[in-house]
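A.B. asks: what shape does this take:
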Amino acid sequence: MKCPNCGNRTSLNLDMHSGGFSSDESPLKECGVCGLVWRVKTEAGEMKIDIIKPPDKKK
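C.D. replies: Residues are numbered from 1 along each chain as shown. I've put the predicted structure just below:
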């Protein structure tokens, strides 16, 4: 999947399990280039991007 921040296609699936969260429904992705962590979720039948961690700042 393409990163919504930088457009790169290098991403990792993060396997997270906690109460009330199903990684099968909306798995977390981390961009290998900018570090953004996001998931795609469905709200009212519409796909939305949920940013979990903003991209790393350039130094």
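
A.B. asks: the spatially most central residue of the chain is in what secondary structure piece?
C.D. replies: Compute the mean C-alpha point of the chain, and by Cα atoms, centre = their mean the closest residue is Trp38, 1.9 Å away. According to DSSP states H and E, Trp38 maps onto strand 37-43.

A.B. asks: tell me the buried residues in that strand?
C.D. replies: 37-39 (16 or more other Cβ atoms under 10 Å). All C-beta atoms are positioned from the backbone trio N, CA, C, and that covers glycine.

A.B. asks: ok, now stretch 44-59?
C.D. replies: Within stretch 44-59, the residues scored as buried using 16+ other Cβ under 10 Å are Pro55.

A.B. asks: got the contact list for it?
C.D. replies: Under the criterion Cβ atoms under 8 Å, 6 or more residues apart in numbering, residues 4-6, 26, 28, 30-31, 34-42 lie in contact with stretch 44-59.

A.B. asks: the same query, at a cut-off of 10 Å, please.
C.D. replies: 3-6, 14, 16, 26, 28-31, 33-43 (Cβ atoms under 10 Å, 6 or more residues apart in numbering).

A.B. asks: off-centre distance for the strand holding Trp38?
C.D. replies: Distance of strand 37-43 from the chain centroid (Cα atoms, centre = their mean, to the nearest Å) equals 6 Å.

A.B. asks: try stretch 4-11
C.D. replies: 10 Å.

A.B. asks: average pLDDT for that stretch?
C.D. replies: Per-residue pLDDT values over stretch 4-11 give a mean of 86.

A.B. asks: I'd assumed Arg9 was in contact with Gly32.
C.D. replies: Yes. Counting by Cβ atoms under 10 Å, Gly32 touches Arg9, with 9.2 Å between them.

A.B. asks: ok so, going back, residues contacting the residue nearest to the centre of the chain?
C.D. replies: Applying Cβ under 10 Å, 6+ apart, the residues contacting Trp38 are 1, 3-5, 11, 26, 28-31, 49-55.
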